[in-house]
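J.: Below: sequence and its predicted model.
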Amino acid sequence: MTDRILTPPPNQNAQPVQVVNTNPPSPSSRPSSASVLGHHNHHQQQSASLFSSASAGPGYSVSAKAASVASSLLQARSARNNMNKQRSHPTPPELDVDLTELSDALVGDMPIIPLPHKEKDLPTPAPSPRPVEFQGVLPTWSAVNENEDSYLRQARQHFVKLTSAERQRFLAELLNICDTEQLSFVSAFVAPRLKKDFLKNLPIELGLRILSHVEDPKTLARASQVSKHWYALVNDDLTWKNLCNKHRYRRLSTLFPMPTSPIAPQSILSHASYFSAPPGIAPVPAGHSPFKAKPTSYKSHFRQRYMVDQAWKVGGRTVARHITNDQGVVTSLHLTAKYIIVALDNAKIHLFSADGCFIRTLSGHENGVWAMVHCDETLVSGGCDRDMRVWDLPSGHESLLDSLLILCLKMSNTTTVVSGSRDTTLRVWDIERGICTHVLVGHQASVRCLDIFGDLCVSGSYDTTAKIWSVSTGTCLRTLQGHYSQIYAVAFDGAHIATGSLDTTVRIWEASTGNCLSVLQGHTSLVGQLQLRYPTMVTGGSDGSVRVWNLEKMSCVHRLAAHDNSVTSLQFDDKRIVSGGSDGRVKA
């Protein structure tokens with residue numbers, strides 16, 4: 001059977017030539033398109049002969065126009081390859097070939113495969129394999145099923161009789177023949193059985209002992225969210241008492257009287273809800289003033305101290321600022337839970353709320369205010385105008401108590417104030433009635449400093465002596481002699497008395513006997529600041545140094561070069577010391 005050749009009409013554009021082969025040639029007699037295009041680097045005559053043979057071959061016919069276009073294409077490619085070999089020009093020569101005509105003229109059944117030319121066309125690699133998660137419901141096998149296959153029953157019975165090592169080998173062999181889905185099932189089935197609440201399984205005492213080794217309160221807070229049992233253990237007061245000891249916070253028994261009712265060991269957790277309650281204010285015993293709200297537990301005590309410590313570490317920021325036209329120097333400052341009280345040397349006292357909002361100015365003094373003490377809503381101030389005034393802070397009303405130059409003031413309780421003056425006397429005042437109840441006479445010079453503990457008052461004078469007085473009776477109990485110059489500072493804790501003098505020494509006295517226990521030397525100038533919290537004492541001098549003393553060993557343990565000039569104020573707690581100096585700086 002012969003082949004029919006279909007050619008396009010003469011008045012139309014060149015169209016692809018369709019070849020209908022009723023008798024397909026054998027593979028040996030039919031040259032492939034790859035064999036033609038694969039030798040495009042051969043000579044032009046070889047390419048032309050190939051196309052001629054292809055057109056003359058049995059079963060194929062290519063028009064003369066197609067052969068001419070293909071020959072031109074191969075000629076251009078050959079020239080471009082030669083130029084690339086010589087590297088004489090980086091740009092290939094332009095082709096004078098209409099590729100549209102070539103595609104229309106060439107006839108073949110070879111599919112056109114587009115080449116990737118953009119990054120987005122590049123093949124995407126297959127994703128990494130992931131473990132198959134078990135999606136079914138985990139069974140709860142606990143006993144042999146009645147309908148269990150006899151083979152499984154025998155396997156179970158055989159497994160029970162194996163030793164531990166044989167069981168492990170048996171399971172290992174089973175797992176080795178499991179696929180991924182089966183291994184995922186085994187993992188999901190076994191994982192919950194490996195989790196144990198060790199604190200719940202242990203006795204309460206051991207659980208509390210374990211928590212006592214945790215020093216970070218944030219870790220305890222996260223642990224309390226694990227379960228109700230963990231929450232009860234964490235909120236037990238013993239946990240927070242141990243944490244207070246680790247952070248070296250003072251015991252509640254040294255700050256406030258603790259309840260004496262014992263708690264049975266078996267009821268430790270029953271008190272967890274009590275200790276987790278918000279802190280309240282404890283009842284105030286008769287004859288005492290509620291200066292501080294008593295925490296109800298070690299947890300609230302720790303929270304309060306820890307927040308203060310963190311504030312010191314992070315540093316403060318200015319939350320309020322009050323600027324006035326006054327040019328006065330701050331001589332005294334007191335902070336309460338409700339007020340901030342600032343005394344100036346221009347005879348004014350500024351009153352602010354605890355958040356820094358200005359309330360009022362207390363005017364009444366005619367000269368600088370140098371002594372000030374407060375209790376609740378009452379403020380007592382003394383100035384260089386020889387007046388001692390009592391202020392009602394909510395209303396701003398005042399009353400005049402004295403017409404003497406007050407150098408020092410202390411409050412014994414909410415109604416009793418003791419003042420020291422340049423007239424060499426101390427006076428005890430009842431501020432509710434506005435009268436002087438006792439005049440303490442004994443010093444031979446100005447009373448420069450005083451301190452009160454309970455019913456006892458210790459005063460220091462420019463006459464180089466210190467005296468112990470009874471506030472209630474107004475009598476002098478003892479006179480402490482030993483300094484060679486004026487006494488500028490005194491501290492009293494009920495058992496020990498510390499006095500600082502212009503002779504650069506600090507003397508420690510026993511309050512019950514009046515004996516001098518030790519003379520501490522180290523400062524090179526006036527010792528004007530003392531803070532005593534046995535067995536630690538901190539002193540500040542006009543030499544600009546701050547010293548820390550151990551009164552059990554009667555020795556100096558630290559020396560701080562704090563200021564360039566005199567230390568004018570001093571406070572300390574268990575962890576830090578804050579000092580103010582005449583150089584205008586406050587250091588912690």
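T.: Received, thanks. If you're wondering where the values come from, they're calculated on a predicted model, not measured in any experiment.
J.: shaky segments in the chain?
T.: 1-148, 253-295, 315-319, 326, 400-407, 584, 586 (pLDDT under 70).
J.: How is it divided into domains?
T.: 4-108, 198-256+268-278+293-313, 482-588 (automatic domain parsing).
J.: packing partners for whichever strand or helix holds Leu477?
T.: In this assignment (DSSP states H and E), Leu477 forms part of strand 476-480. Secondary-structure packing of strand 476-480 (3 or more Cβ pairs under 8 Å, 6 or more residues apart in numbering; DSSP states H and E): strand 466-470. Backbone N, C-alpha and C define where each C-beta goes, glycine included.
J.: Tell me the strands beside the strand it packs on, with direction?
T.: strand 456-461 (antiparallel), strand 476-480 (antiparallel) (DSSP bridges).
J.: Identify the residues contacting the longest one?
T.: Put plainly, it is strand 456-461. With Cβ atoms under 8 Å, 6 or more residues apart in numbering as the test, strand 456-461 has contacts from 410, 412, 418, 420, 424, 426, 440, 443-452, 466-471, 477, 486-490, 492, 494, 497, 499, 511.
J.: From the residues you listed, list the buried ones, please.
T.: For the contacts of strand 456-461, a neighbour count by 16 or more other Cβ atoms under 10 Å gives the buried set as 410, 412, 418, 420, 424, 426, 440, 443, 446-452, 466-469, 471, 486-490, 492, 497, 499, 511.
J.: list the buried ones in the strand holding Leu477?
T.: 476, 478, 480.
J.: got the contact list for the second one?
T.: This means Arg478. By Cβ under 8 Å, 6+ apart, Arg478 lies in contact with 467-468, 514.
J.: With distance to Glu173 added, can I get the residues you listed in JSON lines?
T.: Below are these laid out as JSON lines (distance: Cβ to Cβ, whole Å):
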{"residue": "Lys467", "distance to Glu173": "95"}
{"residue": "Ile468", "distance to Glu173": "90"}
{"residue": "Gly514", "distance to Glu173": "91"}
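J.: So which of the residues you listed is the closest to Asp543?
T.: Ranked by distance to Asp543 (Cβ to Cβ), the contacts of Arg478 are led by Lys467 at 27.6 Å.
J.: bridging residues for that closest one?
T.: Residues in a beta bridge with Lys467, per DSSP bridges, are Ser459, Thr479.
J.: what do you get for Asn550?
T.: Thr536, Ser555.
J.: What about Glu552, how many residues nearby?
T.: Each residue near Glu552 was counted by other Cβ atoms under 10 Å, and the total is 9.
J.: Without its sequence neighbours, what residue ends up closest to it?
T.: Nearest residue to Glu552, sequence neighbours excluded (Cβ to Cβ, 6 or more residues apart in numbering): Pro535, at 4.5 Å.
J.: how near is that neighbour to Asp574?
T.: Using Cβ to Cβ, to the nearest Å, Pro535 is found at 12 Å from Asp574.
J.: Next: Ala221.
T.: Separation of Ala221 from Asp574 (Cβ to Cβ) stands at 23 Å.
J.: Please apply the same query to Ile341.
T.: Per Cβ to Cβ, Ile341 is found 26 Å from Asp574.
J.: Which one of those two is surrounded by more residues?
T.: The residue with more neighbours, out of Ile341 and Asp574, is Ile341; 22 against 12, by other Cβ under 10 Å.
J.: Spell out the secondary structure type for Phe159.
T.: Here Phe159 is helix, with the state taken from DSSP: H, G, I helix; E, B strand; the rest coil.
J.: hang on, it packs against Phe170?
T.: Yes - using Cβ atoms under 8 Å, Phe159 is in contact with Phe170, at 6.5 Å.
J.: Give me the neighbour count for Asp463.
T.: 19.
J.: Report how many residues lie close to His213.
T.: By other Cβ under 10 Å, neighbour count at His213 equals 8.
J.: again but with Arg209, I slipped
T.: Counted with other Cβ under 10 Å, the neighbours of Arg209 add up to 13.
J.: List the residues that contact it.
T.: Contacts of Arg209 (Cβ under 8 Å, 6+ apart): none.
J.: Check Gly207 too.
T.: Contacts of Gly207 by Cβ under 8 Å, 6+ apart are 199, 233.
J.: In three-state terms, how would it be classified?
T.: Assignment for Gly207 (three-state DSSP): helix.
J.: ok, back up a step: would you mind confirming that the residue nearest to Glu552 is in contact with Val548?
T.: No - the criterion here is Cβ under 8 Å, and Pro535 misses it with Val548 at 11.1 Å.
J.: Please identify which helix or strand holds Phe302.
T.: helix 298-314.
J.: which residues touch Val214?
T.: So Val214 contacts 220, 223, 243 (Cβ under 8 Å, 6+ apart).
J.: Kindly reformat those as TSV containing neighbour count and distance to Gln327.
T.: Below are the contacts of Val214 laid out as TSV (neighbours: other Cβ atoms under 10 Å; distance: Cβ to Cβ, whole Å):
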residue	neighbour count	distance to Gln327
Leu220	20	52
Ala223	17	56
Leu243	21	49
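J.: Tell me the one of those residues nearest Gln521?
T.: Each of the contacts of Val214 was checked against Gln521 using Cβ to Cβ; the closest is Leu243, at 39.8 Å.
J.: secondary structure class for that closest one?
T.: Per three-state DSSP, Leu243 ends up helix.
J.: how close does it sit to Pro217?
T.: Distance from Leu243 to Pro217, by Cβ to Cβ: 7 Å.
J.: Show me whatever sits in contact with both of these two.
T.: Joint contacts of Leu243 and Pro217 (Cβ under 8 Å, 6+ apart) are Phe302.
J.: Only the buried residues of stretch 330-337, if you could.
T.: For stretch 330-337, a neighbour-count test (16+ other Cβ under 10 Å) marks 331-332 as buried.
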